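Chemist: Build me a structure from this.
(one chain, ligands or ions: 2)
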Amino acid sequence: MLWLALGPFRAMENQVLVIRIKIPNSGAVDWTVHSGPQLLFRDVLDVIGQVLPEATTTAFEYEDEDGDRITVRSDEEMKAMLSYYYSTVMEQQVNGQLIEPLQIFPRACKPPGERNIHGLKVNTRAGPSQHTSPVVSDSLPSNSLKKSSAELRKILANGQMNEQDIRYRDTLGHGNGGTVYKAHHVPSGKILAVKVILLDITLELQKQIMSELEILYKCDSSYIIGFYGAFFVENRISICTEFMDGGSLDVYRKIPEHVLGRIAVAVVKGLTYLWSLKILHRDVKPSNMLVNTGGQVKLCDFGVSTQLVNSIAKTYVGTNAYMAPERISGEQYGIHSDVWSLGISFMEPLQLLQCIVDEDSPVLPLEEFSEPFVHFITQCMRKQPKERPAPEELMGHPFIVQFNDGNATVVSMWVCRALEERRSQQGPP
Ligand code: ATP
Ligand code: MG
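Modeler: Ligands and ions are numbered 1, 2, ... in the order given. Down below sits the predicted model:
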């Protein structure tokens, strides 16, 4: 048994410390250390040696609050790590959160042929063989790594999300690209939505996709689905996101205008946020608008990774009823094209795709809907992309202004009632 003394953190001395030793590409091992005298750097290396007998571990790393990796090679550096860790524990205690274990990432000394000059361990596995050792990336330019080191490392190196930690439950739906599952993330106890897409692509492309997805960590908006991580296993990528218990809008039949108005406000805010990050959604449609019983509305499946979009497009080349005419005709895609899809998402696509290109835009019947709503949809669906409202105009449109009251209860009650109805129609399980 190992004992630990914590200098200034005497209040923590009696607590058990759980050190989570992350194993490249295959989960983690939790090691419980009881409070007491000195935990030495060598003790940690000893335990790592038992967990990873094949590797010669000379150091390990931990992550600071920015996700930057800090190397520990001595007792001094160990103390600094423990000080930092206990300050985060105190914060978690004050906020009434669950105490996270101290995560460490062993750094193995590699033979020269396998040396990874960037210190990156890429969380991908190649091809059909069950190759479990870390795959090393030497081909990434070092400047691009520096630029985004924290996020990139978060995704690539620490395997925050991995298959071993996930228990798949129900299938939430199939799309053209893949299947979405409701899943349980065992270490955190969180329920996730995991989208699994089969992609037969090279390791290089896998790495490119992973680095392109890093921007999702930066997306921080209550109108955008939360991103928890992504990983490749063999020829499939799993993308883990927040689970929305109301599902997507496509399964709801008729949405009353006062509810739709609030949903539209959230969608416009989500799109405006993405556009501010220079991200075009590229797939605005009801199945990519998710709702929950808390009344939140969030966008998902936006095209942050060109390579992922391209790789999926190789197996599925398609148009859909929500695409703007200029896109169906293969012309340039821009914010205006997202705006069209926003408009058509809020009316049933009545016309055939060809009509959208060749004929007048469909309009909503004024006798059934309010004037501001019909005007909003008509403006979003102007044939000429430039005539559609710009992002700032969307937020100022009377229809959006009218419903921009932050009233989540309206959506929440409607989602709950609709789920209730669906359940009663389905009958007992
Ligand atoms: P496409 O592949 O053309 O984008 P799609 O959006 O219907 O079509 P998927 O993105 O694979 O297909 O999603 C399938 C279904 O899974 C969705 O229609 C939605 O109902 C459900 N779903 C997706 N993400 C979540 C989530 N985060 N929470 C709850 N349900 C989700
Ligand atoms: Mg989708």
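Chemist: can you list the residues of the protein near ligand 2?
Modeler: Residues of the chain found near ligand 2 (CB under 5 Å from the ion) are 175, 287-288, 301. The way it works is simple: take the backbone N, C-alpha and C, and place the C-beta from them, glycine included.
Chemist: residues contacting Leu274?
Modeler: 219, 224, 280-281, 299, 302 (CB atoms under 8 Å, 6 or more residues apart in numbering).
Chemist: pretty sure it is in a helix, no?
Modeler: Yes: inclusion of Leu274 in a helix is indicated when DSSP: H, G, I helix; E, B strand; the rest coil is applied.
Chemist: As a check, name the ranges of all strands in the protein.
Modeler: Along the chain, the segments classed as strands by DSSP state E run 3-4, 17-22, 28-35, 56-63, 69-72, 102-109, 166-174, 178-185, 190-198, 227-233, 236-242, 289-291, 297-299.
Chemist: most tightly surrounded among those?
Modeler: Highest mean neighbour count among the strands of the chain (mean count of other CB atoms under 10 Å): strand 289-291, with a mean of 25.
Chemist: Tell me the residue of this protein that sits nearest ligand 2?
Modeler: Asp301 (3.9 Å; CB to the ion).
Chemist: Help me confirm that that residue comes into contact with Pro286.
Modeler: No: Asp301 is beyond contact range of Pro286, at 11.6 Å (criterion: CB atoms under 8 Å).
Chemist: related to what we said a few turns ago, columns distance to Asn310, pLDDT and neighbour count on top of the residues of the chain next to ligand 2, output as JSON lines?
Modeler: Putting the residues of the chain next to ligand 2 into JSON lines (distance: CB to CB, whole Å; pLDDT from 0 to 100; neighbours: other CB atoms under 10 Å) gives the following:
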{"residue": "Gly175", "distance to Asn310": "17", "pLDDT": "87", "neighbour count": "16"}
{"residue": "Ser287", "distance to Asn310": "21", "pLDDT": "93", "neighbour count": "19"}
{"residue": "Asn288", "distance to Asn310": "18", "pLDDT": "95", "neighbour count": "23"}
{"residue": "Asp301", "distance to Asn310": "15", "pLDDT": "92", "neighbour count": "22"}
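Chemist: show me which of the residues you listed neighbour ligand 1.
Modeler: 175, 287-288, 301 (CB under 6 Å from any ligand atom).
Chemist: tell me the centre residue of this protein?
Modeler: For the chain, Phe227 is the residue whose C-alpha lies nearest the centre (CA atoms, centre = their mean; 1.9 Å).
Chemist: residues in contact with the residue of the chain closest to ligand 2?
Modeler: Contacts of Asp301 (CB under 8 Å, 6+ apart): 175, 283, 288.
Chemist: Would you enumerate the residues in contact with Tyr223?
Modeler: Here Tyr223 is in contact with 266-267, 269-270, 273, 297-299 (criterion: CB under 8 Å, 6+ apart).
Chemist: do you know how far whichever residue of the stretch 251-400 of the chain sits closest to ligand 1 is from Ser345?
Modeler: At 3.4 Å from ligand 1, Ser287 is the closest residue in the stretch 251-400 of the chain, using CB to the nearest ligand atom. Distance from Ser287 to Ser345, counting by CB to CB, to the nearest Å: 9 Å.
Chemist: Gly294 too?
Modeler: 22 Å.
Chemist: Please apply the same query to Pro286.
Modeler: For Pro286 relative to Ser345 (CB to CB), the value is 5 Å.
Chemist: More neighbours: these two, which one.
Modeler: Ser345 (24 against 20; other CB atoms under 10 Å).
Chemist: Hmm, that one is touching Val284, no?
Modeler: Yes: using CB under 8 Å, Ser345 is in contact with Val284, at 6.0 Å.
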